[in-house]
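Enquirer: Okay, predicted coordinates and the sequence, questions at the end:
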Protein chains: 4
Amino acid sequence: MIVIMKAASSDSDIAHVMKILENQGLSGHLSRGVERTVIGVLGGVTPNGAPGSLGGLNPTLGETLEALPNVESVIRVSKPYKLASREFHPENTIVEVSAACVEGGVVRIGGKEVVMMAGPCTVESEKQLMTTAEAVRKQGAVILRGGAFKPSTSPYGFRGLGEEGLKLLAKARDEFGMAIITEVMTPTDVAMVSEYADILQIGTRNMQNYMLLDEVGRSNRPAVLKRGMSSTFEEWLLAAEYILSQGNRNVILCERGIRTFEKTTRNTMDISAFPLTKILSHLPIISDPSQGTGRRDLVGPMSLASVAAGADALLIEVHPNPDEALKDGAQSLTIEQFSTLMPQLHAVANAVGRTLITG
Amino acid sequence: MIVIMKAASSDSDIAHVMKILENQGLSGHLSRGVERTVIGVLGGVTPNGAPGSLGGLNPTLGETLEALPNVESVIRVSKPYKLASREFHPENTIVEVSAACVEGGVVRIGGKEVVMMAGPCTVESEKQLMTTAEAVRKQGAVILRGGAFKPSTSPYGFRGLGEEGLKLLAKARDEFGMAIITEVMTPTDVAMVSEYADILQIGTRNMQNYMLLDEVGRSNRPAVLKRGMSSTFEEWLLAAEYILSQGNRNVILCERGIRTFEKTTRNTMDISAFPLTKILSHLPIISDPSQGTGRRDLVGPMSLASVAAGADALLIEVHPNPDEALKDGAQSLTIEQFSTLMPQLHAVANAVGRTLITG
Amino acid sequence: MIVIMKAASSDSDIAHVMKILENQGLSGHLSRGVERTVIGVLGGVTPNGAPGSLGGLNPTLGETLEALPNVESVIRVSKPYKLASREFHPENTIVEVSAACVEGGVVRIGGKEVVMMAGPCTVESEKQLMTTAEAVRKQGAVILRGGAFKPSTSPYGFRGLGEEGLKLLAKARDEFGMAIITEVMTPTDVAMVSEYADILQIGTRNMQNYMLLDEVGRSNRPAVLKRGMSSTFEEWLLAAEYILSQGNRNVILCERGIRTFEKTTRNTMDISAFPLTKILSHLPIISDPSQGTGRRDLVGPMSLASVAAGADALLIEVHPNPDEALKDGAQSLTIEQFSTLMPQLHAVANAVGRTLITG
Amino acid sequence: MIVIMKAASSDSDIAHVMKILENQGLSGHLSRGVERTVIGVLGGVTPNGAPGSLGGLNPTLGETLEALPNVESVIRVSKPYKLASREFHPENTIVEVSAACVEGGVVRIGGKEVVMMAGPCTVESEKQLMTTAEAVRKQGAVILRGGAFKPSTSPYGFRGLGEEGLKLLAKARDEFGMAIITEVMTPTDVAMVSEYADILQIGTRNMQNYMLLDEVGRSNRPAVLKRGMSSTFEEWLLAAEYILSQGNRNVILCERGIRTFEKTTRNTMDISAFPLTKILSHLPIISDPSQGTGRRDLVGPMSLASVAAGADALLIEVHPNPDEALKDGAQSLTIEQFSTLMPQLHAVANAVGRTLITG
């Protein structure tokens, strides 16, 4: 940490900072420039950067120092996340999920292959789910998405079929050999959802639901962590760190659009998240262009853009009859549109040296 | 609901919309203009606007229609919230909380009086809490704030003393006669926190934690609902509607700053929230300038601005020694600063025709 | 236009609205629903939607009505731009620019071919410009970019070589046969810059510099209009409408990133702008991933994503020695990096059915 | 400046940074920590901080260094603005404007007195202007606002009466003794507008129109500089620095709302701008709640909040008949509403130890 003093700082201001550092078991290294005095803070992090080593260090120390009289600003030198950081874990993490439909029975997310996860926004009925699963499987999807527990902005909206929906998903898995991804919304549901799901999904509104993150961290299920709708990269990776630090290393990030001033699209997809999180982190990152745009007519182009920019998988909403969907019909592709998109995705994946795995 | 067709729409496009409406038990009223055809949607909401009346209506119908070919846009005519709306409940809601320190033993939030809620960000120790409680009570605060369960962006940060902290808060209540407000973070904690707290606080990260909202709605405790850091007024009032629709009518809104491009302050306080939510809703609204700015040197001016604009109460972080605080020291006032602020608040409250209640 | 009244509106409130419409030469068509009364506004726009037809209509009428007592909201049915709208001009506009280096001597922007515009952020010296121009031309760029007049956030920053820089650009055109694109910042410079430039660039800070837009509209040079850093699609297309309505139909849109809460990248590139403006408008749209990200390590992936999503051209900063650049070195590719990128772009362009033209 | 290297940086990475610094005439001071190496940059700014001293220093050097391999980040220690900074100019700047209607004939902005600037958004006719001027003067406004050159988002909107409007403003000044503030939009108009105006206004869209800032800097007229709709405090103060560095020291800042995700209000007023710019700068700062909210029903409360938070003046739109205004009628107060607001403003100004000057 580096503390930058204001031009007007006195010796006693500086001594005050040094005293606070000392109280925290740290020491300060003073460097006086023509215009500014700068204090380098030593101690508090061990060489291996293990989280445990932060034990004695108050994580809001920086803010406390910044509020002192005649402190101009405080600069953090180390990243606040370790387990999620590429710097301390240079190799890509590859998350493996069982799926009978692929050769070898295992789908790898985060490697050379690009993976298609598709299905309805919400599980509505056995017929709707089975029709969709069969169709998307036929086109090459290997993971089936479908919500049984659904966040709804309005209390009067449809909130999903609950465990009944999970059972339908399990049935689809048995029938089509696809792995299942579905959302879990509260800590007490983690165990139950894990009985049916191959991948747990944590939604954008729950990215900082810390008790949920803790519980998912204690489970042994791969987890997709969606970016909070106004979360910075640092906050997102710190949320991943919650799960990782509980022992679950199978975390997959998911860009699903951020909230901006622009309202023509539901969200603004931050496509730079794909190359950028690859620089900052070793975790796989996937794309949700359905939520990311909220508009069916943009899902195709944004899927192609995601793969071109480095996304490891796509999570796409497909509905056999979107006009009758109970939820988010506006952003669901028809089966026909999905079938048109797949060959385009193969072509773009190949153009950037990857392969779209289809089982 | 009003459906606006594109200039290029054909008779069959219009028929498609009419068919979908019919399937939902609604009817459409066609109006052809020179440039556009417009379809008014009839049915689906009863005259008294009770939420139950939305039963059969798909809340995402609008988005579904908007995604149809040659539909330009869909306009919602009714507000999606009812119980939180001023239109259906013209009188101000006044939330009453017991506090031995005031005359009559009851604090009223949402009426003519302005209320001071103050205390440490986080309960750290008995001494810290009691010192702060005594000092802020002496200056006129009638409600004591203090976090026992604390959300922390980093998994390595301090997450509060838990139930131990709640017991200290209860002790402070007994000693100083103040009511207690404290945060609850997960549904399974609602009953336990309610044993100790007079007011439950739902934090910004949990504004859309729907299972928590449901549970708080089933409790009988007044609840402060902080605005999500990137939530619109409509989303915020829909979150309030979750609590209200479960039967708990004692909901208090809290503006605590929103996330914008500006980083010199932690958040950007939306002071217009005070007069605006008074127009849209009947619920009380309070101000959290500590979280709203993240800077001690701005808490005073933003407290004055909040009261000038119509806030019903202030929620302010005070610490006997902020430089040593375990959390958010940078935004905590010292006891001396708090003592300086109180007479200024009295003056501004009086200037806008209100009174700062001090017990 | 549609006026939606509040539930509480009286007959006299409605009469007030009708009176105002009448004063503007319009008429209102009343429709009373169970919960709301809705007034459809007739008149004010001619069938062909020509801008002249808006003559008598006050463009802020909607806002005026919205501020009346018991008006809930006002909905605009027609788009405020006409000449820029796809609805009134269904075929793609293709902008032609002369460039000796391509077969036939003409580059077409907005058709099947994808075009590379590259060069230094700022013209610094003859040697720097010629070296860069030669290198990017060799790799297939057909348009040369380079700033002679540069906006600088600080008054103490480098503001470009001015006309001297333009002369160097003209020299590079003579030598390498590339067309020239360069920025114009103020109305009085338009004629002079047009002497040297094949394409005028209007920067993000000037997107709503209306006198500049007027003047560029009166010139006969193709113009690239960058999106304002916090401009909506509607504002952007209205700015294009300024130029179009003065008679210059050769307008090219350019997405260069918008301002959001996220600070890890300089801006957040809105990749959905490529497919979305193709839906809303007939104008070509190009991508500036250098400004869009501010980071050299993201320029390549975001270029690929732009082409995958439908961009008609790329505008990329290249510098022979970015570490010594006078401006924006951090986002400039080296010549080597540019050479690596070009074959990847060919592959992605082909994958989406287009061709990267290289002369 | 401080350069922070990545954990993985090698000696040659560090040598590369040192070399670049040397080429710029700077030197680096190396400090190796357990986890990071940090390089302090010396030189480049003289002790008095005069802008001239930045001469040889490349203002984008920081970004260039940040893009090098194994550089983690670069921290700027000095503020990029000097003349606008409180640190180098501790006393408040008070801008004086002549106005016959006040005792002594001079209005002071930035001192103990709070000043009311009011009038129509746009000068529409002699009758409209004179009626408004007379009414607001009677209530205590001492400066008359009114646009003669108006920015309009649409090319088909009303763009003002031009010089004819300026002449009407001059006439109002003669009649009522008020000073005049009006907008100037392009460099070539500065001299002409200065003939009629006592204060030049630079609008939000032109905050970074650098040639306009230069020209206003060369005039001798006080200037109100509105915050760009998505400008940070630093960018705003750098824009002020443009004017100041040309010799015009009479710069007044104006908060008029920023663009955020929230659309219920036209903009989100950043009320913290009042106390914050007082900390960062010595320049006066005023409030424009009309543009800041876009809603007449919020102008009153936001005016009170602005004064409570420290605004030096208010700039308010008033129209004798807002329903018939040619522009921004929705945010204009009626004369009656203005008359109701003034006594409330007196009370709040007094509550915070100031006086509303009324002549």
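Expert: Looks like it came in fine. Residues are numbered from 1 along each chain as shown, chains lettered A, B, ... in the order given.
Enquirer: can we go C-alpha only for contacts and neighbour counts from here?
Expert: Noted.
Enquirer: Can you name the helix or strand that the closest residue to chain C within the stretch 51-200 of chain A falls in?
Expert: Using C-alpha to the nearest C-alpha, the closest approach of the stretch 51-200 of chain A to chain C is made by A:Lys79 at 13.0 Å. Under DSSP states H and E, no helix or strand contains A:Lys79.
Enquirer: Let me know the pLDDT of A:Glu35.
Expert: Looking at A:Glu35, its pLDDT reads 67.
Enquirer: And for A:Thr46?
Expert: Turning to A:Thr46, the model gives it a pLDDT of 38.
Enquirer: same check, this time on A:Ala50
Expert: 36.
Enquirer: Now tell me what touches stretch A:178-189 from outside.
Expert: Applying C-alpha atoms under 8 Å, 6 or more residues apart in numbering or on different chains, the external contacts of stretch A:178-189 come out as A:97-101, A:137, A:141-151, A:169-170, A:172-173, A:190, A:193, A:196-203, A:206, A:211-213, A:215-216, B:211.
Enquirer: Among those residues, name the ones in strands.
Expert: Judged by DSSP state E, the subset of those located in strands is A:97-98, A:143-145, A:199-202.
Enquirer: Of these, which is the nearest to B:Gly110?
Expert: The closest of these to B:Gly110 turns out to be A:Ile202 (C-alpha to C-alpha; 36.7 Å).
Enquirer: how close does the closest residue to the closest one other than its chain neighbours sit to chain B?
Expert: Nearest non-adjacent residue to A:Ile202, counting by C-alpha to C-alpha, 6 or more residues apart in numbering or on different chains: A:Leu225, 5.1 Å away. From A:Leu225 across to chain B, the span is 15 Å (C-alpha to the nearest C-alpha, to the nearest Å).
Enquirer: And A:Glu72, by the same measure?
Expert: 12 Å.
Enquirer: For that residue, which residues are in contact?
Expert: A:3-6, A:66.
Enquirer: ok, and which of the residues you listed reach chain D?
Expert: With C-alpha under 8 Å from any C-alpha of the partner chain as the criterion, the contacts of A:Glu72 include A:Ile4 near chain D.
Enquirer: about what we covered before: out of the contacts of stretch A:178-189, which end up buried?
Expert: The neighbour count (16 or more other C-alpha atoms under 10 Å in any protein chain shown) marks A:97-101, A:137, A:141-151, A:169-170, A:172-173, A:190, A:193, A:196-203, A:206, A:211-213, A:215-216, B:211 as buried among those.
Enquirer: how about the helices in the stretch 151-300 of chain A?
Expert: Here the stretch 151-300 of chain A has its helices, by DSSP state H, counting those that start in this stretch, at A:163-176, A:190-196, A:210-218, A:233-245, A:273-280, A:289-293, A:296-309.
Enquirer: Any stretches of the stretch 251-359 of chain A with poor pLDDT?
Expert: Nowhere does the stretch 251-359 of chain A drop to pLDDT under 70.
Enquirer: List the buried residues in the helix or strand A:Asn350 falls within.
Expert: According to DSSP H and E, A:Asn350 maps onto helix A:335-351. Neighbour-count burial for helix A:335-351, counted by 16+ other C-alpha under 10 Å, picks out A:335, A:338-339, A:341-342, A:344-351.
Enquirer: Can you tell me which of these lies closest to D:Gly157?
Expert: Nearest to D:Gly157 among the buried residues of helix A:335-351 is A:Leu341, at 42.7 Å by C-alpha to C-alpha.
Enquirer: The closest one: what's its closest spatial neighbour, skipping adjacent residues?
Expert: The shortest distance from A:Leu341 to any residue other than its chain neighbours is 6.3 Å, reached at A:Gly300 (C-alpha to C-alpha, 6+ apart).
Enquirer: go on, A:Arg296?
Expert: Excluding the flanking residues, the one nearest A:Arg296 by C-alpha to C-alpha, 6+ apart is A:Gln331, at 4.4 Å.
Enquirer: and A:Gly359, what does it touch?
Expert: Shown here is A:Gly359, whose contacts under the criterion C-alpha under 8 Å, 6+ apart are A:101-103, A:140, A:142.
Enquirer: Doesn't it lie inside a strand?
Expert: No. Read with DSSP: H, G, I helix; E, B strand; the rest coil, A:Gly359 is coil and lies in no strand.
Enquirer: was I right about A:Asn267 contacting A:Thr293?
Expert: Yes. Under the criterion of C-alpha atoms under 8 Å, A:Asn267 makes contact with A:Thr293 at 5.5 Å.
Enquirer: if we can go back for a sec, could I get the CA-only coordinates of the helix holding A:Asn350 as CSV?
Expert: In CSV, the C-alpha atoms belonging to helix A:335-351 read as follows (Å, rounded to 0.1, in the frame of the first residue of the first chain):
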residue,chain,number,x,y,z
ILE,A,335,-35.7,-23.4,-32.7
GLU,A,336,-35.4,-22.3,-36.3
GLN,A,337,-33.3,-19.3,-35.4
PHE,A,338,-31.1,-21.4,-33.2
SER,A,339,-30.6,-23.9,-36.0
THR,A,340,-29.5,-21.0,-38.3
LEU,A,341,-27.1,-19.7,-35.7
MET,A,342,-25.2,-22.9,-35.0
PRO,A,343,-23.3,-23.2,-38.4
GLN,A,344,-22.3,-19.5,-38.1
LEU,A,345,-20.9,-20.2,-34.7
HIS,A,346,-18.9,-23.2,-36.0
ALA,A,347,-17.4,-20.9,-38.6
VAL,A,348,-16.4,-18.1,-36.2
ALA,A,349,-15.0,-20.6,-33.7
ASN,A,350,-12.9,-22.1,-36.4
ALA,A,351,-11.8,-18.6,-37.6
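Enquirer: Could you quantify the relative orientation of that helix and helix C:335-351 as an angle?
Expert: Per axes from the mean of the first three to the mean of the last three C-alpha atoms, to 10 degrees, the angle that helix A:335-351 makes with helix C:335-351 is 150 degrees.
Enquirer: you'd agree A:Ile316 is up against A:Thr122?
Expert: No. Judged on C-alpha under 8 Å, A:Ile316 makes no contact with A:Thr122 at a distance of 11.9 Å.
Enquirer: how about the residues of the stretch 101-250 of chain A near chain C?
Expert: Counting by C-alpha under 8 Å from any C-alpha, the stretch 101-250 of chain A sits next to chain C at A:230-233.
Enquirer: quick one: which of the residues you listed is nearest chain C?
Expert: Nearest to chain C among those: A:Thr232, at 5.6 Å, using C-alpha to the nearest C-alpha.
Enquirer: how about the nearest residue to that closest one, chain neighbours excluded?
Expert: That would be C:Glu262: by C-alpha to C-alpha, 6+ apart, it lies 5.6 Å from A:Thr232.
Enquirer: pretty sure the one you found is in contact with C:Thr268, am I right?
Expert: Yes. Taking contacts as C-alpha under 8 Å, C:Glu262 lies within contact range of C:Thr268: 7.4 Å.
Enquirer: Which of those two has more residues huddled nearby?
Expert: C:Thr268 (29 against 20; other C-alpha atoms under 10 Å in any protein chain shown).
Enquirer: so who does A:Gly257 touch?
Expert: Residues counted as contacts of A:Gly257 (C-alpha under 8 Å, 6+ apart) are A:227, A:229, A:267-270, A:288-289, A:291-293.
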